[in-house]
Every structure is written in structure tokens, then in C-alpha cells.
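1. Based on what follows, work out the 3D shape:
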Amino acid sequence: MSLLWPIALLGLITVPLILILHLLRNRRDQIDIPSLRFWRGLERKRHGALPRQIPLSWMLLLQLLIAAALTLGLARPALSFLLSQPRHTVFILDMTTSMIAEDVPSGVDGHIRRFDAARQMIRSELETMREQDSFSLISLDRRPQILLRGTGEKKVQALVALDNLVPGASGLNLSTALTLANGVIDDPNREHRILVLTDGNYPSPDSLPPVLAPVTWQIIPGQASSNQALLNVSASILPDGRHRLFGRVVNYGPQAVNRTLRLSTGAGLFDEITVQLEPQAETTQVWTLPAQAQIATVELVEADALALDNRAELLLANPTSHRVLLISNTPEVLSRALEVQPGVELQVDTPEMSQHDPAEFDLVIFDGLPAALTAWPVANVLIVNPPLGHPLLPAQGFERNLRPDPDSASALLAGIDLSGVYFGRAPQLDLPEWSQVDLRAVSPSGNKDAATPLLFHGSDGDSRLVVWAFDLADSNLPARLALPILTANTLSTLLSPSPPAVVPVGEPVFIDDNYTVEIPGGRQLTPTQLTGEAGLTFAHTKQPGLYRIYNQQAEPVAGFAVHAGSALESNLTEPLQPELLDITDVPAQTALAPQIEIEDIWPWLAGLALVVVVAEGWLAWRR
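-> Model (predicted):
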């Protein structure tokens with residue numbers, strides 16, 4: 001409590017004045033006497049010494065109460081409350097595969113996954129969050145991103161979203177995650193903190209950015225676990241068509257173990273052996289499978305802390321091949337770029353197209369456009385260096401000495417370094433309605449939409465087209481790695497995808513959205529269904545198993561396997577020591593001014609004085 005006008009306490013002088021007045025007041029009492037002769041003695045007694053005690057009465061007490069209440073009311077007493085600051089908590093949640101290890105004690109002889117334990121901690125924090133508090137959730141994996149943001153008012157929705165999170169990734173980037181955390185700390189009127197929930201199953205990073213809020217580490221489960229894993233399971237085709245299968249079995253535990261290793265194909269059990277593994281040791285197994293085998297599954301039968309890396313599947317079908325027809329008078333440069341692409345069966349023809357029928361090929365490439373071509377073939381078509389004056393791609397003239405604008409590059413340019421690339425000339429094409437621009441030249445005027453298009457793609461009826469609107473011979477692309485990569489990306493866009501045979505869990509795969517991917521369990525998805533927009537990235541790969549790719553006619557054209565075993569994620573014996581991390585101390589910031597709420601009491605005291613005055617008046621009236 002505090003007094004806003006303490007000088008008013010001088011009014012308490014009225015208290016002793018009231019007491020003195022009551023002490024000096026001549027009290028007149030009515031006394032009955034039988035005779036006047038007794039008056040003289042009574043008069044002598046009444047004229048004696050003054051009374052030494054203050055006569056107590058209800059009037060005295062009420063007057064003292066009025067004086068005290070009015071005086072304290074004038075001093076303006078007030079109650080002050082220190083309000084707690086709104087808090088912003090940044091959760092950094094480990095989403096790697098090792099967090100799926102089921103070794104956190106729960107209940108009597110029970111265990112839960114590390115990820116579930118971390119999720120329970122976040123849930124507890126969200127449930128106790130006040131409405132004015134806020135939160136952010138950042139994934140800790142190879143590509144950290146902001147998963148959730150909100151306030152305490154929306155914690156119910158956040159809890160539902162939290163339950164739907166699925167871990168699965170190989171490796172992480174703690175530096176990027178902390179940088180993202182700094183980016184969401186943007187309100188100076190809040191108290192910020194960073195909470196990292198991880199099992200620490202990764203090496204200590206060399207350097208980390210300074211953080212803008214205190215960092216708290218929650219290491220889960222806090223103890224090392226034994227684990228055995230299948231690593232580097234792969235297959236190759238022998239000259240006679242049979243399949244050579246390789247696999248490593250690694251013991252990351254501190255004790256020697258015997259494990260049952262089982263190999264199955266689509267026809268059933270193929271082999272089962274027992275492998276002996278010393279502590280922190282490994283063994284390699286090799287099998288030869290018949291040519292007709294389509295699928296291979298290798299698994300460790302016995303359970304351990306991380307079941308996800310005990311099984312690996314492979315598609316053994318031959319890689320998809322594509323017939324490609326190149327129509328050109330000077331095919332040397334494009335031929336070299338095409339011949340290094342896997343699965344390409346290349347044929348070359350002249351612009352007269354006298355030797356081959358384009359309808360028999362999966363892809364037709366026009367290096368220039370023949371004058372006799374009046375309609376696009378019903379096929380997949382790549383046009384390189386379209387000439388002036390052709391009705392299918394009208395152009396007004398040439399632009400010269402062009403450099404690409406990296407900001408305009410689409411997914412078709414993924415993995416290509418555009419620095420230093422130049423084009424001697426490119427036609428000023430009137431873009432057709434079906435086109436989507438993938439790369440433009442740097443615009444001298446600064447208007448990017450008006451810049452010369454260098455690459456674009458689209459569909460015209462039953463024809464799928466990609467246009468390279470530049471002359472390869474008048475650019476430096478043939479001398480750079482950019483050309484074979486651009487060729488591979490273009491083939492992936494126009495033809496059936498050729499993904500890697502094995503993909504680490506959580507890693508994206510480049511697949512055009514015209515194809516459908518069947519994930520383990522039988523559900524079919526496209527990149528557009530997952531991201532809400534067309535693109536080449538299929539990132540729904542957190543579940544190990546076989547992924548089959550289908551074309552628009554629902555025909556299987558390719559596939560890949562997702563494996564969870566990795567030397568980084570499967571080794572659960574060396575948790576991180578946060579105290580050894582080199583994180584710069586929180587920089588000095590201006591302390592938040594405490595928020596104080598003041599509640600005045602004087603109205604209550606004034607009201608009390610008014611009530612007492614009324615009571616005193618009532619007593620005085622009765623007398």
C-alpha cells in the first residue's frame with residue numbers, strides 16, 4: 001500500500017483535539033436530592049479536581065472514526081499490484097529419426113518414444129499458458145522451419161496440431177533453428193525464452209549464432225541406449241540379370257549381441273542367418289537374388305530401442321528407359337548432354353524427319369523448329385532455340401548479351417548455379433497462353449515481367465512442352481555443369497521421374513505434379529495435394545518403405561525406397577552436452593519497465609466517513 005498525498009496525514013491532529021474537547025466538556029447530570037441542605041456538600045464535591053479519565057461514549061468513538069477516515073481518505077491510500085509480463089516461449093523441437101527411439105521410462109516397466117516425451121512437455125507448457133502469452137514452434141532437423149505460432153487464446157488448436165506432427169529426418173541444423181528463433185523474437189514488450197527439446201543425438205556444432213533470449217535445454221531421455229541398425233542396403237544388377245544385394249549390420253550398443261538377419265522377396269522368405277556383433281562393431285552381408293525378383297526386404301528380427309532402422313526395402317525392377325528423338329542439323333552439344341542421362345535411348349534425325357516417326361518416341365526434341373511443322377506433335381516436346389518467323393512461337397526480333405535473373409528461376413532450375421552464365425541472343429517471343437515462365441533475363445528497365453523469357457513450359461492440348469528460348473552455341477552453357485543438370489531437370493518434367501533408388505528418411509524427392517506417388521500403406525498423393533501448389537518437390541517421405549510412382553494413366557513407371565538407418569541417427573550412445581556448446585551470452589537489452597496496477601482506496605474511506613456521520617447524527621438526534 002502507498003499514500004499518494006501523505007501530507008494530508010496532518011489531519012490526524014483532529015484526533016487529540018476531539019479527545020481534549022470530550023475531556024474538558026462540562027457534563028450536566030440530573031441528580032435527585034431530598035433536601036436543599038444536602039446541596040452544599042454536593043456542590044463542594046463537584047468543585048473538586050477535574051476528572052482524570054476521558055468519558056467513553058458512542059459519540060466519541062464515531063467522531064474519532066470520522067476524523068481518521070477523512071484524514072486517511074485525503075492522503076489517498078492506494079494498493080499497487082506488480083503485473084507479470086506477457087511471455088513468449090519459442091519451442092525448438094527435435095524432429096530427427098533418433099527421437100522415435102522408444103526408451104523413455106513411463107509407468108511401471110513401460111517406455112514411450114523420445115518424441116512423445118518431448119511433445120508431452122510442450123503440451124504441459126501450452127496448457128498452463130495464459131491468454132496474453134504467446135508461443136512459436138520450430139522444427140529441429142536439416143531444414144528447420146516454423147511449424148506453429150499463436151497466443152494462449154489459440155492453444156487448443158495448437159495442441160491438435162502438435163498431436164499431428166510426425167518426426168523423421170536424418171541430421172539437423174541447430175544454427176539455422178536458433179536463427180529462426182531470433183527471427184520470431186520481435187516484440188520488445190514480452191519476456192522471451194527459448195526451450196530446446198532434443199535427445200542430443202548429434203555432434204556438437206562448431207559455431208552457433210548469438211541468441212536474443214535465454215536458452216533452456218531439455219535433453220531426452222538423458223541416458224544412452226543400445227541399438228542395432230541396418231545401413232547402406234542397396235542392390236545392383238549383374239550382367240546375367242540377377243540382383244546383387246548388399247547390407248551392413250552395425251551394433252551401436254556396449255555389449256556383444258547375436259541378431260537374426262532375415263531376407264525376403266515377393267515370393268517369400270529367401271534367407272535367414274544369425275550374425276554375431278561385438279560392441280561398436282559391424283558386419284557386411286551379400287546375397288544374389290534371381291532376375292525375376294521385384295522386391296527385397298531385409299530386417300533384423302529382434303527388437304531394440306529404435307525399431308525404424310531394423311528394416312529396409314528395395315525395388316529391384318530395372319530402371320525405366322525412355323526413347324528420345326533429337327531433330328537437329330547440329331546435334332553434337334545436345335547429344336552429349338542427353339547421352340549422360342540414365343535410361344535415355346537417343347536417336348537423331350534431320351529437320352525433314354525422314355528416318356523416324358515422332359509418335360514412336362517418349363520425347364521429341366527440336367533444335368530449331370522445322371518450317372513444315374504447323375502443329376505440335378501429340379507427345380512430350382522440348383524446343384531449343386526457336387527461330388524467328390515460325391507461327392507456333394512468333395517472335396519480334398532478338399535480344400542480345402543476356403544474363404539470367406536468379407530471382408525468376410523456378411524449380412526447373414533446381415541445383416543450377418546461374419552465376420556467370422550468359423546468353424548471346426534470345427528471341428523476343430510472344431508468350432503463348434499455355435506458358436509458365438521458368439527463367440527470365442535480367443531486365444535493363446527493372447521491370448521483371450517485361451524481361452525476355454529464357455525458359456518456359458506448359459501444355460497445349462495433349463502436348464507437353466518445354467522451351468529453351470536461346471541458342472546453345474551462342475552461350476557458355478555447354479562448357480558448364482549447368483547444361484546436364486538443366487537437361488536432367490527437363491527430362492524429369494517431361495518424362496517419367498527417375499528418382500534415386502534409396503532416399504534417406506525425410507529427404508524430398510523431385511517429382512513433377514503430373515505423377516502420383518503411392519506411399520507405404522497404399523495412399524496415393526501428388527506434390528500439389530501436399531503443398532497446395534504445383535511444384536516438383538515431394539517431401540512426404542518421413543515413413544520408411546516403398547514408394548511407387550504412377551503416371552496419369554495409373555500405370556507404375558518408377559519408384560524408390562525410403563530408409564531410416566543412418567550412422568548419425570542410429571547411434572544412440574553419445575548424447576550432446578549442452579554446457580559444452582559455444583552459445584554467445586544473451587546480449588544486453590533495455591529491461592522491460594515493470595507494469596504496476598494502482599487501485600485507489602480513498603472512495604471507500606470517504607463512503608465509510610459518510611456512513612459514520614449519518615450514524616452520529618442519528619445518535620445525537622435521539623439524545
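2. dump the residue contacts of the closest residue to R113 other than its chain neighbours.
-> Nearest in space to R113, with sequence neighbours left out and distances taken as C-beta to C-beta, 6 or more residues apart in numbering, is E102 at 5.0 Å. To be clear about C-beta, it is placed using only N, CA and C from the backbone, and glycine gets the same treatment. Contact partners of E102, counting by C-beta atoms under 8 Å, 6 or more residues apart in numbering, are H111, I112, R113, R114, A305, L306, A307.
3. residue contacts, the fourth one?
-> To tie it back to what came earlier, the one meant is R114. Counting by C-beta under 8 Å, 6+ apart, R114 touches D94, S98, M99, I100, A101, E102, D103, V104, D199, I220, P221.
4. In CSV, list the residues you listed along with secondary structure, distance to I416 and pLDDT.
-> Listed next are these as CSV, based on DSSP: H, G, I helix; E, B strand; the rest coil; distance: C-beta to C-beta, whole Å; pLDDT from 0 to 100:
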residue, secondary structure, distance to I416, pLDDT
D94, strand, 33, 94
S98, helix, 34, 91
M99, helix, 34, 92
I100, helix, 35, 92
A101, coil, 39, 90
E102, strand, 42, 89
D103, strand, 44, 86
V104, strand, 44, 86
D199, coil, 37, 87
I220, coil, 40, 86
P221, coil, 44, 74
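5. Most neighbours of all these, which one?
-> S98 (31 neighbours; other C-beta atoms under 10 Å).
6. how much space between the residue nearest to that residue when sequence neighbours are not counted and G415?
-> Residue nearest to S98 in three dimensions, not counting chain neighbours: N201, with 4.0 Å by C-beta to C-beta, 6+ apart. From N201 across to G415, the span is 29 Å (C-beta to C-beta, to the nearest Å).
7. When these two are compared, which one has more neighbours?
-> The neighbour count for N201 versus G415, taken as other C-beta under 10 Å, is higher for N201 (27 against 12).
8. That one reaches N571, doesn't it?
-> Yes: taking C-beta atoms under 8 Å as the definition, N201 is a contact partner of N571 at 7.3 Å.
9. R548 should be in a strand, yeah?
-> Yes: counting by DSSP: H, G, I helix; E, B strand; the rest coil, R548 falls inside a strand.
10. tell me which of the contacts of R114 is nearest to Q524?
-> Proximity of these to Q524 (C-beta to C-beta) peaks at I100, which lies at 24.8 Å.
11. quick one: contacts for that closest one?
-> By C-beta under 8 Å, 6+ apart, I100 lies in contact with R113, R114, F115, P167, G168, L306, L308.
12. Any idea what R193 is bridged to?
-> For R193, the beta-bridge assignment (DSSP bridges) gives partners T89.
13. ok, now how distant is it from Q341?
-> R193 is 52 Å from Q341, by C-beta to C-beta.
14. more neighbours, those two?
-> Applying other C-beta under 10 Å to R193 and Q341 shows that Q341 carries more neighbours, namely 18 against 15.
15. Quick one: the contacts of I100 as CSV, columns for distance to H540 and pLDDT too.
-> Listed next are these as CSV, based on distance: C-beta to C-beta, whole Å; pLDDT from 0 to 100:
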residue, distance to H540, pLDDT
R113, 20, 91
R114, 22, 92
F115, 18, 94
P167, 14, 93
G168, 10, 90
L306, 21, 91
L308, 16, 93
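16. Please render these as JSON lines that adds secondary structure to the earlier fields.
-> As requested, the contacts of I100 are exported to JSON lines (three-state DSSP):
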{"residue": "R113", "secondary structure": "strand"}
{"residue": "R114", "secondary structure": "helix"}
{"residue": "F115", "secondary structure": "helix"}
{"residue": "P167", "secondary structure": "coil"}
{"residue": "G168", "secondary structure": "coil"}
{"residue": "L306", "secondary structure": "coil"}
{"residue": "L308", "secondary structure": "helix"}
